[in-house]
Every structure is written in C-alpha cells, then in structure tokens.
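[1] sequence-free structure coming up:
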Ligand code: NOJ
Ligand code: CA
C-alpha cells in the first residue's frame, strides 16, 4: 500500500515539475528525464528525475557577466531543438575498448529581453545514466569578449543525502574524504586538520570539491561533476545545509574574475550521473562522452605501461631529491657539496633499470635528477629548476644508453614548484631534451603556490596551462602524468597522451603523514577517479617499519595493495615500493608483473562507496581477466561469480588473498596465494581482512592445468 502511494506521489512531481505559466521543454532517455522551464521573470531552470523520482528539483541556471547585462534573468525562450545520437567510439586506451555514446540532446535558445538582446543557448544531453548541460554563446553582433563574474547554476537536491566530500580548495585535492550528511558539511574541519598539504586555500566554509558522491535515503546514487574543462575555471559546490541546494562556486583568478570568454564559446558540461546501483556510477562513460574526440592524429606513441621508480625512497626519507643538503653547503670553489643521500645517482638508477628489465616492467621514474631541489620548497620562487641540467652524479647519456640496451624507458620528472610561467618558458627545451635521451613520458608537478602570483591551481589560467602542456607534450610525442593539477574531467579522450593525473590524496601520504584511512580507496573511484585515471602509486609491500616515525604505516594489507591495480584504473601504473621489498615477496610481485594496464572490458561486480569495490577487467587483446576486491576497515566476504568468462573454456585462477590472520593494522603483510581451475559457473568466495583485499588473475588453462584443483 505504502509503495503505491510513493509511486503516485513521485509520478505527480515528475509530470508537474514546473507550473503552467512557464515555458517548458523536456528530453528523456529510458529512466532519465530532464525538464527545462523559464519563468515569468525570465529565469531559466531545470529539473532531473530518474525512474520518475526527482533527483534535482527545479533549480536555477545562468551566467552573470562583469558590469554587464547577464544571462541569469530576463531571458525569453525563442526556440528549441532536439537530436538523438547513438554512436560507438574506441578510446586509445581505457577500461573498455568500445564506448557507446547514446543521448537525447535538447538545445534551448534564449535571448535577453532587455537591451542589448544577446543570445545564449543551454544544451542538455540526457543519457541513460544522467544529464550533462552546458552554456553556449553563439556568434553574434553584440557579444565578443566578455568576463564571467559568476555562474548561478544550482543543483537542488531532494534531501539530506549521505555525502562523500573533500573541501572546496582552490589549490589542492589532497584531502582525506569525510562522509556526512549534506547538513554536516563543514569544509573548515578537514581544511584545518590537513597541515600536511603544501598549499591550501578554502575560502568558503561550506564549499566542497567535485566529483561529489551522494546517496539518498531511498538508495539512489548521485554524482555531480563537470566534463571537458577547457578554457574556463573549475567548479566547486557551495552547500546550503538547510535546503540541500548546491550552487556553483567558480574558482577566481588573481583579480577576482572567474572566466574570460569569447563568443562563439562554451562552458564545460555540468554532469549529474544517477543510478540505483552504485556499480553503474563506476561504469558510467558519460564524462568521457562529453569530451571532444581525440585531437592526436597519430597515437602510436601512446603506450600504457607499468613503472618502478627512484621515488618511494625519497618519500620515506631514505634518500633525497636534492644533491646537497642546502644551497649553503658548498666547497671552496663554490660548488654544491654532495650530502651523500642523493637518490638519483647513476648507480642507483641502474639498479632500478636492472630490476625493471629483469621483471618485465616497462619504465623507471627518476625524480631529483635535475638542478634546483635544494631550494624548491616555499617562498614562491620563479626560476628554481632547470629541466635540462642533471646533477653531477646523474649521467643522463650513459643512463639513457643503459636503459635502451635493456629495453627499459626512463620516465622524466619535471617538478615546477608551481612556477608555471617558468615551465612554459622552458617547455620546448625540456621536451627536446626528453626526445634526445629517449624519455617517452613525463611526470609534471605543481607543489607550491602558483606563479603567475595570485593564480590558483584550479583557476582558468592554470586550466589552460595544463592543456598547453598536454598539447606541447603531444607535439613531441610524449605521454603526460600531472601531479597537483586540477582534477580531471575526461580530457584524456581529447588528449590521450595526458594519461594520468594525481589530483588527489595518493598512496604517498602513507609515507610522510598520518596517511589515508582504510576506506580511502573505496571512495576514490566514486569521486576523484570519475573524471579520469589517477597516478595513485600502489604496490607498497613493506607496510610498516619504513619510517622514522613508528606510527606511520600504509593503511591496507599487502593483498589490498595488489587489488588496487584493478580497482584504481590508470594506464600508467607504478609499482611504487623499493626493489628489495619486492625481492622479499616475489610470489606476490608476480601479480604486478602480470596485471594489465589497458583493457577490453570492465565489470564492476559489487560496490558501495566507503565500504567495498570488486572489479573484474579483461586485458586488452587477450583472454586474461584480473580481479581486484577491496574493503574498508571492516572485514568482508567478497562473492564473485565468474559468469563473464567464456562458457566453453576452462581457466586457472590464481588468488592472492589476505592470510586468515591478516589485518591492516597489526598483521598487514600476511597473504596466501592459491591456484584453482575455474569456469563460468564458478562463484568465488573470498575473505577480505580488515583493511584488506584480494587480487586474482585468471588465464585460460593450458597444459599447466595438471595438478591444479577445481575451486569449491
Ligand atoms: C608531490 C608529488 O605528488 C610526488 O609524487 C613528488 O615526488 C613530489 N611532489 C616531488 O615533486
Ligand atoms: Ca602530490
């Protein structure tokens, strides 16, 4: 009885979203419906429903212009158009090899009722899993260059949803997540607690970062983000804790303006992904679909790969990026004196190259190889680094020959210390240097306050900078992994050489701070990774005892570190630990050797943000599957039906699981490895420890099946 009542009520809300006196338009695809209306005062508004249940109640739309008549009121609806698109496209790399782009598009043409009567369109795309919309400014006589002073887009939610959030920081995403009701959002609490972040700017106590993940009391999952963030500033969301209305906060530039635009022009898409299944949020391709197709005509140089690196040893304080202990540490001739702790020495890099070559790992990241690390941190300095000058103990020529002879690629590191202007001046010479010495990829970094001074990591100037770096890298056929940039919004479709970004709190925080909670990796795919791959740097095997501070540890088990290779997708995936820690567990390292970084297919088997994720992926061009299952601080039994396997085949599944007595805090390195014969009828039941996980590799059975038991 009760059910019928709810159904009727939501139905009536759905059909009467807007009052009769408004001008309306709608678009619909399967369960998702979009209503647009313009009221008597010319305010544009929209609403979204899913399965006839309201998701976004009538909410304001519009753009305000600096010192000019804006596009947020006094607008008239002068026409609408609809189109239906259903197409398939193939990404250069990704979680699946073919993507369906299926949507109903509604364009509403609006005109200012007051002089000068300018035009603006709002384009809505309704997908099976949500809605994207953006503002477009057609070419017109009355509008050319203009400045956006505010965007009035709102998302009026239906209740006090459970929310997974980090503060709306203009410069950093490197926070732990807070789970609370919308009414409980207080960005100042994590902002003040996070003293381990280099630059933090959180002006609005009630603003949160996107992608914002929410769950309603009725069990609907809602994710709000943006897509195709180019030549605009990034969006954060101000939470009205009483009405549950989210309003767009745009990150300002150095003088307080939000975005500089030219007509014809457009904003990024605002995205609302919705489903009654959490797994469908993770498999949504809406954000990628809303980005432009690839601009890289010949992507043959773009090759997903795994890498090790001269890196974790700096993070844990075993070695340093810098050559001398400080700029003051010089000899009689005024040259820097080596401290003896420098990590990127020729001999040490050779050691990593040897390890990579021996284990079939494609790359070696080397940080701290170039001049400047003695004074990179703080003080907002302009010309700290030289991206072509190695330290005296790093022989770039010899190393590039050594790596080439062993079939290993060295990955360049360009830490800009936030001085983007300086990087732009040096970019061409830096990329020529990479070409000369055969580096196929670069990891950039933006630790510190941005130069041009007053700009923010997430403002329009830097948004354009990151894209310029991707374009420049493409010009030199170099792959890009950006640390500390704005969080991704699916641009890897357009620039597939921009393979990964950090833009979140990576595994590295376990090295030098209080770390990441066991739930962290169960939230990240629903938040940060919605916009694109993350260079999370998984694969730490020595979970405890690597730091001078005894309480520091990785907040997972070793088996969970393996599972992250599947649950946290990146086409550039690091095996982050020291080689000796891998040598001590070569049986477990086998999974990292085997796991793919590019996929034909992905199945999210079960998922709940904050609790657990189990993902299965099929390695590109093979019949091999890899599964990662992770849990938060609670132990759990993962049930994994293998019904995605080819029904006619037998397979061998190797399961890397937590040992029976494993637990992230007290016994994290205990694991067990077992192989079984399985088929499409097999259902695996795997016990995950507290903070634990399991990784599984599945290969078609050959002669090696002899002596291996069936799974039961
Ligand atoms: C922060 C990056 O996230 C880290 O990976 C890098 O090693 C340091 N900056 C130094 O650039
Ligand atoms: Ca970082």
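    Sure thing, it's come through. Bear in mind the structure is a predicted one, so any value in this text is a computation, not a measurement. Residues are numbered from 1 along each chain as shown. Ligands and ions are numbered 1, 2, ... in the order given.

[2] which residues are in contact with the residue most central in space within the chain?
    Nearest residue to the geometric centre of the chain (C-alpha atoms, centre = their mean): residue 529, 3.4 Å. By C-beta atoms under 8 Å, 6 or more residues apart in numbering, the contact set of residue 529 is 568-569. For the C-beta atoms, the positions are set from N, CA and C on the backbone; glycine is no exception.

[3] do you know the pLDDT at residue 17?
    On the pLDDT scale, residue 17 is placed at 74.

[4] can you offset everything so residue one is 300?
    All right, first residue 300 from here; so that's residue 316.

[5] hang on, it in a helix?
    No - Residue 316 is assigned coil when assessed by DSSP: H, G, I helix; E, B strand; the rest coil, not a helix.

[6] what ranges do the helices span in the stretch 600-749 of the chain?
    611-614, 645-658, 695-704, 719-735 (DSSP state H, counting those that start in this stretch).

[7] which of the residues in the strand or helix carrying residue 891 are classified as buried?
    Following DSSP states H and E, one finds residue 891 within helix 885-893. Residues 887-891, 893 are the ones in helix 885-893 that count as buried (16 or more other C-beta atoms under 10 Å).

[8] hey, where'd the helices end up in this structure?
    Taking DSSP state H, the helices of the chain run over residues 301-314, 487-492, 577-582, 585-588, 611-614, 645-658, 695-704, 719-735, 759-774, 808-811, 819-822, 857-866, 878-882, 885-893.

[9] which phi and psi does residue 934 have?
    phi -70, psi 160 (degrees, to the nearest 10).

[10] with adjacent residues omitted, what lies nearest to it?
    residue 989 (4.9 Å; C-beta to C-beta, 6 or more residues apart in numbering).

[11] count the residues that sit near the one you found.
    Using other C-beta atoms under 10 Å, residue 989 has 21 other residues around it.

[12] repeat that for residue 536.
    24.

[13] pretty sure it sits against residue 547.
    Yes - using C-beta atoms under 8 Å, residue 536 is in contact with residue 547, at 6.7 Å.

[14] re the thing from before, elements contacting the helix holding residue 891?
    helix 857-866, strand 950-957, strand 970-977, strand 992-999 (3 or more C-beta pairs under 8 Å, 6 or more residues apart in numbering; DSSP states H and E).

[15] ligand 1: which of those is closest?
    helix 857-866 (16.2 Å; C-beta to the nearest ligand atom).

[16] what about the closest one, distance to the chain center?
    Centroid displacement of helix 857-866 relative to its chain, using C-alpha atoms, centre = their mean, to the nearest Å, is 17 Å.

[17] can you check stretch 711-720 too?
    The answer for stretch 711-720 is 20 Å, by C-alpha atoms, centre = their mean.

[18] and residue 893, how far is that from residue 923?
    8 Å (C-beta to C-beta, to the nearest Å).

[19] what touches both of those two?
    Shared contacts of residue 893 and residue 923 (C-beta under 8 Å, 6+ apart): residue 996.

[20] how many neighbouring residues does residue 493 have?
    With other C-beta under 10 Å as criterion, residue 493 counts 21.

[21] so which of the helices and strands packed on helix 885-893 is the most packed in?
    With neighbours defined as mean count of other C-beta atoms under 10 Å, the helices and strands packed on helix 885-893 peak in mean count at helix 857-866, which reaches a mean of 29.

[22] domains for this protein, by residue range?
    With domains defined by automatic domain parsing, the chain comprises 305-588, 605-891.

[23] out of those domains, which is closest to ligand 2?
    Judged by C-beta to the ion, the one of those that comes nearest to ligand 2 is domain 605-891, at 4.8 Å.

[24] off-centre distance for the closest one?
    16 Å.

[25] surely residue 973 and residue 954 touch.
    Yes - between residue 973 and residue 954 there is a contact under C-beta under 8 Å: 5.3 Å.

[26] state the number of residues packed around the nearest residue to residue 904 once chain neighbours are set aside.
    Distances taken as C-beta to C-beta, 6+ apart place residue 913 nearest to residue 904, at 4.2 Å, with adjacent residues excluded. Using other C-beta under 10 Å, residue 913 has 28 neighbouring residues.

[27] residue 913 contacts residue 930, correct?
    No - counting by C-beta under 8 Å, residue 930 is not a contact partner of residue 913; they are 9.3 Å apart.

[28] in CSV: the helices and strands packed on helix 885-893, plus mean pLDDT and distance to ligand 2.
    Shown next, in CSV, are those (pLDDT from 0 to 100; distance: least, C-beta to the ion, whole Å):
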stretch, mean pLDDT, distance to ligand 2
helix 857-866, 99, 17
strand 950-957, 98, 28
strand 970-977, 98, 28
strand 992-999, 98, 23
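
[29] out of these, which gets nearest to residue 943?
    Closest to residue 943 of these, according to C-beta to C-beta: strand 992-999, at 9.7 Å.
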